[in-house]
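Participant: For reference, the sequence and a predicted model appear below.
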Amino acid sequence: MTWNPRVFFRKSHRWGAVIVAAPFLLVLITGILLQLKKELPWVQPVTKKGHGREPQVSFDTILAAVRAVPEADVRTWADIDRLDVRPKDGIVKVQCQNRYEVQVDFQTAEVLQVAYRRSDVIESLHDGSWFHDAAKLYVFLPVALIVVSLWFTGMYLFVLPYGVKWRRR
């Protein structure tokens with residue numbers, strides 16, 4: 001029995017698609033959500049506008065403002081994941097460990113918005129780190145490599161009939 005590249009590529013294309021179906025679907029769906037995160041407030045809260053462009057309040061004042069928000073569940077700096085300072089918008093986005101985002105005007109320390117932020121969870125699902133750090137390297141990287149090979153085998157299978165027609169002429 002001789003090796004037939006057309007049969008080999010068709011079978012490898014078919015089985016590669018079956019192997020990567022579930023993880024790749026997850027990557028596609030989460031990728032779409034991440035592409036639309038600025039348009040979908042369900043994914044990431046809309047950025048509010050503050051009163052100025054230069055910070056006037058201290059970090060302690062920002063912490064006190066966030067502590068006053070029950071949903072944030074903040075008592076100390078350890079309850080805060082990160083601060084995102086937006087001078088153009090005049091705010092500080094305080095991202096809490098419980099995934100709530102509190103937007104604080106950095107001139108008045110007024111809380112402008114409190115909302116649940118899903119984009120970080122979606123991103124961790126997208127890259128596989130939500131499951132385990134090893135999943136990124138041992139599941140999602142091989143899936144990406146198989147998808148690249150699916151592209152090559154698919155292009156080969158697509159171009160093959162045109163090559164046959166061209167040779168017959």
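Facilitator: That came in fine, so what should we check first?

Participant: Now the residue nearest to the spatial centre of the chain: closest residue in space, sequence neighbours ignored.
Facilitator: The structure's the chain has its C-alpha centroid closest to residue 123; by Cα atoms, centre = their mean the separation is 2.8 Å. Nearest non-adjacent residue to residue 123, counting by Cβ to Cβ, 6 or more residues apart in numbering: residue 34, 6.3 Å away. C-beta here means a position set from N, CA and C on the backbone, and glycine is covered the same way.

Participant: buried set for the one helix or strand that neighbour maps to?
Facilitator: Assigned by DSSP states H and E, residue 34 belongs to helix 5-35. Across helix 5-35, burial judged by 16 or more other Cβ atoms under 10 Å covers 9, 13, 16, 20, 23, 24, 26, 27, 30, 33, 34.

Participant: got a list of what the closest residue to the fifth one other than its chain neighbours touches?
Facilitator: Yep, that's residue 23 we're talking about. Excluding the flanking residues, the one nearest residue 23 by Cβ to Cβ, 6+ apart is residue 143, at 4.6 Å. By Cβ atoms under 8 Å, 6 or more residues apart in numbering, the contact list for residue 143 reads 19, 20, 23, 24, 27.

Participant: same question, residue 48
Facilitator: By Cβ under 8 Å, 6+ apart, the neighbours of residue 48 are 89, 91, 103, 112, 113.

Participant: Next, the distance between the ends of stretch 132-142.
Facilitator: 15 Å (Cα to Cα, to the nearest Å).

Participant: With respect to residue 58, which of the buried residues of helix 5-35 is nearest?
Facilitator: residue 34 (33.7 Å; Cβ to Cβ).

Participant: isn't that closest one right up against residue 124?
Facilitator: No: judged on Cβ atoms under 8 Å, residue 34 makes no contact with residue 124 at a distance of 11.0 Å.

Participant: if I look at these two, which residues touch both of them?
Facilitator: Contacts common to residue 34 and residue 124, judged by Cβ under 8 Å, 6+ apart, are absent.
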